[in-house]
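In: Turn this into a structure:
(3 chains)
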Amino acid sequence: MGAWDHRENYVREGKPSYLDERRFTQVGRSVPRVDGPAKAKGEAVYTADMVLPGMVYGKIKRCTEYAHANIKKIDCSKALALPGVLAVLTGDEAPNKWGIVPASANETALAVGKVRFYGEGVAAVAAIDEETAEAACDLIEVEYEPLPVLLDPFESMARAGEVNIHENAPDNILHKGDQIYGDVDKAFAKCEYILEKEFKTGRPQHGYIEPMSAVASYDTQSGQLHLWASSQVPHYLHRQMSVVLEMPMSKIRVTLPAVGGGFGGKGEAAASEFVACLLSRKIGRPVKVTFERADVFYTSKGRHPCHMKWKIGLDKDGYIQAVDFDNTLDKGAYAGWGVVVMFYTASMVHLPYKVPNARTHVRSVYTNKPTTGAMRGLGGVQPRFAMECMLDELAEMMGISPYELKMKNAIESGYTAINNMYVPHTEYKKCLQTAVEKSGYLEKHGKLPFGKGIGLAGGYYISGTAYTLYQSYKPHTSVTLKVDTEGGVTLLCAAAEIGQGCNTVMAQMAAEALGVHYEDVHVQTGDTEIGSFDLGSFASRLTYASGYAINEAAKEINFKLKAMAGGLLGCRADQLIIKDRMIYSMYEPKFKIEWATVVQKYVNSVGALSAVGHFSPPRRKGIDIITGNRIQGANIGHSPTFGFSCQIHEVEVDVETGRVYVKKVTEAGDCGTAVNPMSVDGQVEGSIMFNMGAALYEDMKFDANGKHLNPNFHDYKCPTFMEMPDMDTNIVESYDPTAPFGVKETGEGAVQPTFPAIANAIYDAIGVRFYQVPITPEMILKALKEKKEKEAGCGCGCSCGA
Amino acid sequence: MKQLICLEINGREYDVPVSPRDVLSDVLRKKVGLTGTKKGCGMGDCGACTVLVEGKPVLSCITLAIACNGKKVTTVEGLTLPDGQLNPLQAAFVNHGAIQCGFCTPGMLMSASGLLNRTPKPTLYDIKHEMSGNICRCTGFKRIIEAIEAASETMTEGVK
Amino acid sequence: MFMNEFEYLAPKTPGEAYELVSRLGSKAKILAGGTDLVILMKDKILSPEYLIDITNIEEFAGISYEPGKGMVIGATTKNADVQYSEIVKEKYYALAYAAGEIGSSQVRHMGTIGGNSCNASPSGETPTPLVALGAKVVVSSAAGDREMPLEDFITGVRRIDLKEGEILTKFILPEPAPKSASRYAYMGARDANEIDCVNMAVNIELEADNQTVKNVRLVMGSVFVRPLVSAAVPALLNGQKFSDGLVEKAAEAAQGEAKPITDIRASEEYRYTIVGVLARRLLKEAFAAAQEV
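Out: Next comes the predicted model:
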């Protein structure tokens, strides 16, 4: 991937070099992030850094007495009387329900009538400084009528008759569904190897270092509201503010300053945003609301704990014949992303292996705990944990290597799953092969000394989809490209740069599409008024979606420039190509002209040069074209393409203390074309550490009353430098011909294999299988003790379990 | 009762009226207007607020500003060279992909500066051990370590 | 998140400090590094009217060692300085190591060795090896000095034997015995920034034959309301030839003495187990190190 040399002559797959769309000069460069220097200088402005003239501070009063209670009375009089307090706000002033999934919207800006989780906001104040705001909150008196607390989804379902969390869900169930493909019972009857296990996942949260923050400025004269927020979804904020404040969207503008991480946790809307807007409108002054870390924990919409029952059957040759999967998700207090995550877990069983028969029953159940939501790799991590561990165990039952079993069942490009998910392109097998080769898995697996182990797991994730939330074909991402002789190229898109690097890759893709250099492109993102519409940074959709839109916009611009260049050069416009800031004839080298010259001529003779490109989600593959019947799960998981990866973890278990040390991780990922390989590696490395934390140390804990036991970084243990293993990440050579620039996703697929790879490695190390995460030292010691007792018990010194 | 204190921040003297209960991070961010120093948790658990006081790394969110009266404070803004160029450590972070969302970056840079002040040629263990008070959720730490190692090499070139 | 309004005082001499402490009594708290105090105040668990900052008093900081006599460490010496001190590493290894495992680099540069003991948290890092090394503390006031073993100074969870008007000013460590070595270990869920669920220090002294244990001190932290000095381990090992079998017995004995609780970090049962594991490992490690001296 070097500089463009127009004389380079080769033929790839029947295409001459000058027509090879994979011959990139900007895409594929590991350029440092465009926003890196500002961040390194401390000049990047995050929401909490902002100061506006006349700005005051808002703070939310939270219920820290109960996890479930009726609100009998809120008395704000003492707070209002405190000098420096400008306004107070209670939930009933903004009762409109909002929700990221419109059909199940049941959240309010502040609690209305009832508190459903510990730490839920019940009122807010605006004051001249933060100290006064905090003191004012302490003066707000709330009278509660406590209600019984439901902390476990099974308890919620069992006691639904006596304790009801939402009036419109008498059974305490948000939603449930069944997806049945083929005939699993018949298939199981023919299986040689059947395994049934129950799995459980814990409750981690995102841990982004920047707490939620919002600055809202309502202009009393024009009625315009401007909201700055730390968010992943400018559009959704735009929409939700409109719903809750009962204002038209045309009067609201959302701008993202620099955002300090999201991982899905800033992918809805937060009370900080609603409260800042409501207070600002009330007092006609800008209001800043920044969460304390405890507030982030109380309201964090972390991963759904899943209680899963699995049954997988293989035939005598080791091919998967049937998968039966039952999932009870702990929804927490409100609906949020619930329906989507629930159905995603169902969809996740169909890849990356061939599954001819599948049956899933899923249900999402309310509890009095913080609402769960979208967390990196949503809906995939939990079933992936179970499936990759079960296949590891089934391989052992069969007497073959897990690698062999997975290679056998792995899908290939062009595969259509039984639920109509279509995979245009995959290098999953190459991922498995590469990771196995580089780690020496086959030489080590089953052969390391007791206490040392190596485990393998694969995974995949969707890429480019977003039909699920906005069920329409309207473009989900639009990109405006503006070309002018003064500013060069400007890319305008209301997309969210949250640290994942989208600004940089969009600049690279735009530069590639327009034939200029990455350094020539300015990127303006995150503003709903300046940039064209984008749905948000979640579900790994942005690179694919924006790439598609960029191509479309660039095509229009290139057409115009080529026409002008053709005229200037005296040759056919359609024989010209644009690369490396030059416009060339692909057939006759004497016809060439500088790109900037053509732009200038165009602007002078025709006018301003800009174009908009759009990306609409692909046709719902779940619709039968002839009958119009919906195929089950149609809305969920039908992604245009998918990323794949494999992780191999080497662990050392200290069998006396139970501590698990992950020493080395070898990873191989298929992200299609890596627009910025350094960025991809960074995302993968971050993904590995992210889920390693949830596999071994991270868990939100509650007492019997639903009160948080560790709402801080002190006792909620994120991995530190000391826990970092050696990481060998590899980008597998890949190109998805159906994708813009051949790109697929990374950053969410890369979290999928971590739980099972660690669990499988622990099994290899100490011969104990864990069906639950996080795997704590106490669990390890307990399991080792039980294993020892079992072996001693049968007297023959073996593990026959007699 | 506010008291006027003098802080030498990044080589410049600032006279700041503070209440004894004001913590250094709030004073830097709100009174002096240097928002490069970040607040991630306010309780000393994440390291995002790290600054140097007399060249030593401290958590400014649990440091009283008044206790720093007359002391030299260095924040991330003080690392940038006078002509606006990145210093070797900042440049290494940018070039090695050690910055993603950037929120932990100022704290990381200050901790690393403190480390390199004391130990110009740290071992891998030194880096891991002395940087472990700074949490990053985006990068997985690997590139931050590489950046510190690269900066150490650049900064000790020719120095025994 | 915001502390109460208080008055900040920064005495420059010991005399000034004693006067303030005695005059203001329980209305004041002593501020050194603040890494424990400020957090307690931000959480509104403590709301003192006055803070007396003693870090500007030269006499209260510093490490000085005199061969044959031992070491004196000023109470406001930063933990990082203890961690990096070559002489502490050489003579009192367990202390240097433990100081280096407190919290994070930042916390070590802010916090003081005196604060680590005065905070009297059962999981405190440096009290454990200090007690194992036979450290004494000096508490001073306008009336003069009082000296006592550190294990008598820490009386319970966040309770110390400090009377009104007194400030902890010094740690006195005896000259290490010839053929002795000290080692420290801890266990937590992570390897950094951790609140230990168990920590432990061993100080072992051998006879000239390099096999017989002349004296051993094993101290456990985080499994009792204060540093727990094992009586059983020296009873078993003193005067005996070191052996794996004896170490096993000693480890079991230490387990028997420990009184851990179950909390969010670990269960009682787990802590018992870890006491045994650490005792076994530390005794062997310290023994091997003492043999080299």
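In: Around chain B, pick out the residues from chain C.
Out: For chain C, the residues in contact with chain B (CB under 8 Å from any CB of the partner chain) are C:1-8, C:10, C:31, C:34-35, C:38-39, C:42, C:51, C:53, C:55, C:78, C:80, C:84, C:100, C:103-107, C:109-110, C:191-193. Every C-beta, even on glycine, is put in place using the N, C-alpha and C of the backbone.
In: Keep only these that also lie close to chain A.
Out: Okay, of those touching chain A (CB under 8 Å from any CB), that's C:1-2, C:191-193.
In: Which of these ranks first by neighbour count?
Out: residue C:193 (28 neighbours; other CB atoms under 10 Å in any protein chain shown).
In: Next, that one: secondary structure please.
Out: coil (DSSP: H, G, I helix; E, B strand; the rest coil).
In: For chain B, which segments count as strands?
Out: In chain B, the strands defined using DSSP state E lie at B:3-9, B:12-18, B:50-53, B:56-59, B:72-74.
In: So among the residues of chain C next to chain B, which ones count as buried?
Out: For those, a burial check counting by 16 or more other CB atoms under 10 Å in any protein chain shown picks out C:1-3, C:6, C:8, C:10, C:31, C:34-35, C:38-39, C:42, C:51, C:53, C:55, C:78, C:80, C:84, C:100, C:103-107, C:109-110, C:191-193.
In: In helices only, show me the residues you listed.
Out: Counting by DSSP state H, the part of those found in helices is C:38-39, C:42, C:80, C:84, C:100, C:105-107, C:109-110.
In: thinking again about what came up before, can you say which of the strands of chain B is nearest to residue B:140?
Out: strand B:50-53 (19.5 Å; CB to CB).
In: burial measure for whichever residue of chain B sits closest to chain C, as a count.
Out: Relative to chain C, the nearest point of chain B is residue B:133 (2.3 Å; CB to the nearest CB). The criterion is other CB under 10 Å. On that basis, residue B:133 has 26 neighbouring residues.
In: same question, residue A:164
Out: 18.
In: What of residue A:170?
Out: 10.
In: Walk me through the domains of the chain.
Out: Looking at chain A here, since you left the chain open. A:11-30+A:474-615, A:47-147+A:212-290, A:306-467+A:634-793 (automatic domain parsing).
In: nope, chain C
Out: C:7-53, C:62-174, C:192-292.
In: Tell me which stretches of chain B form helices.
Out: Secondary structure of chain B, counting by DSSP H: helices at B:24-26, B:88-95, B:105-118, B:124-131, B:142-155.
In: Next, name the residue at the spatial heart of chain C.
Out: residue C:127 (1.3 Å; CA atoms, centre = their mean).
In: actually chain B, not the one I typed
Out: With distances taken as CA atoms, centre = their mean, residue B:110 lies nearest the centre of chain B, 2.3 Å away.
In: The stretch 301-450 of chain A against chain B: which residues are in contact?
Out: Counting by CB under 8 Å from any CB, the stretch 301-450 of chain A has no residue next to chain B.
In: Flag every residue of the stretch 301-450 of chain A that's near chain C.
Out: Counting by CB under 8 Å from any CB, the stretch 301-450 of chain A has no residue next to chain C.
In: again with chain B
Out: Chain B comes close to chain C at residues B:1, B:3, B:19-21, B:23, B:42-45, B:47, B:50, B:56-59, B:62-64, B:66-67, B:69, B:111, B:114-115, B:118, B:129-134, as judged by CB under 8 Å from any CB.
In: Mind checking which of the residues you listed are buried?
Out: With burial judged by 16+ other CB under 10 Å, the buried subset of the residues of chain B next to chain C is B:19-21, B:23, B:42-45, B:47, B:50, B:56-59, B:62-64, B:66-67, B:69, B:111, B:114-115, B:118, B:129-134.
In: what's the neighbour count on the nearest residue to residue A:351 once chain neighbours are set aside?
Out: Ranked by CB to CB, 6 or more residues apart in numbering or on different chains and with sequence neighbours excluded, the top spatial neighbour of residue A:351 is residue A:460, at 5.4 Å. When neighbours are counted by other CB under 10 Å, residue A:460 registers 29.
In: Equivalent analysis for residue C:117, please.
Out: 24.
In: What of the one 5 residues further on?
Out: Each residue near residue C:122 was counted by other CB under 10 Å, and the total is 24.
In: what do you get for residue A:605?
Out: So residue A:605, with other CB under 10 Å, has 9 neighbours.
In: Residue A:330 touches residue A:363, doesn't it?
Out: No - when contacts are counted by CB atoms under 8 Å, residue A:330 is not listed as touching residue A:363 (10.6 Å).
In: okay, the strands of chain B in a markdown table with mean pLDDT and distance to chain A next?
Out: Formatted as a markdown table, the strands of chain B follow (pLDDT from 0 to 100; distance: least, CB to the nearest CB, whole Å):
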| stretch | mean pLDDT | distance to chain A |
| --- | --- | --- |
| strand B:3-9 | 97 | 12 |
| strand B:12-18 | 97 | 13 |
| strand B:50-53 | 98 | 10 |
| strand B:56-59 | 98 | 12 |
| strand B:72-74 | 98 | 11 |
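In: where's residue A:420 relative to residue A:426, distance?
Out: 16 Å (CB to CB, to the nearest Å).
In: Let me see the backbone angles for the residue in the stretch 551-700 of chain A that chain B sits nearest to.
Out: Here the stretch 551-700 of chain A gets closest to chain B at one residue, residue A:685, 3.4 Å apart by CB to the nearest CB. With angles defined as degrees, to the nearest 10, residue A:685 sits at phi -60, psi -40.
In: Skipping its backbone neighbours, what lies nearest it in space?
Out: residue B:140 (3.4 Å).
In: what do you get for residue A:59?
Out: residue A:133 (3.9 Å).
In: Could you count how many residues lie near the one you found?
Out: Neighbour number of residue A:133 under other CB under 10 Å is 28.
In: In which helix or strand does it reside?
Out: helix A:130-139 (DSSP states H and E).
In: So for that helix, what gets flagged as buried?
Out: Buried, per 16+ other CB under 10 Å, within helix A:130-139: A:130-137, A:139.
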